[in-house]
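A.B. asks: Sequence and predicted structure are below.
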Amino acid sequence: MDNLGQVNLFFIITTVAVIVFSIITAFILFQILKIITAIRRLMEKFELGSEKVGQDLSNLRSFMLQGGFAVQLLKLFFSKKRRSKDED
C-alpha cells in the first residue's frame, strides 16, 4: 500500500472514531441532562413540602401558645375519674 492510501485509511478510521465518540458523548450528556432535570423537579417538590411543614409547625406553635394544647392535655388527664386503692 502506498503512502497516500495509508493516509486516506488513517483519516477514514479517525473520522469514524470521532463520529462514534461524538455520538456516545452526546448520548451521555443527554442522560446527564435528564438526571439533572429530574433532580430539579424533586428539589421543587421538596421545597413545596418543606413550606407546608413549616406552615403546619407554625400553626401548631400558635395553637400551643394560645393555650389550646395545654387545655386539651389538662382535660385529658383530669376528666377521667381516678380509681382509689380501696376499690381494688
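C.D. replies: Looks like it arrived, so ask away. Residues are numbered from 1 along each chain as shown.

A.B. asks: so what's Gly49 up against?
C.D. replies: Contacts for Gly49 were tallied using CB atoms under 8 Å, 6 or more residues apart in numbering; there are none. C-betas here are computed from N, CA, C, even on glycine.

A.B. asks: confidence score at it?
C.D. replies: pLDDT for Gly49: 89.

A.B. asks: try the one 4 residues further on
C.D. replies: Predicted confidence (pLDDT) at Val53: the value is 87.

A.B. asks: Show me where the chain has its helices.
C.D. replies: Secondary structure of the chain (DSSP state H): helices located at 3-65, 68-78.

A.B. asks: Flag the shaky bits of this structure, pLDDT-wise.
C.D. replies: Applying pLDDT under 70 to the chain flags residues 1, 64, 67-72, 75, 80-88.

A.B. asks: Apply 90 and report the result again.
C.D. replies: Along the chain, the model assigns pLDDT under 90 to residues 1-8, 48-88.

A.B. asks: residue closest to the middle of it?
C.D. replies: Leu42 (4.1 Å; CA atoms, centre = their mean).

A.B. asks: That residue and Lys34: what is the separation?
C.D. replies: Counting by CB to CB, to the nearest Å, the gap from Leu42 to Lys34 is 13 Å.

A.B. asks: again, but for Thr14
C.D. replies: Counting by CB to CB, the gap from Thr14 to Lys34 is 31 Å.

A.B. asks: And Val7, by the same measure?
C.D. replies: Per CB to CB, Val7 is found 41 Å from Lys34.
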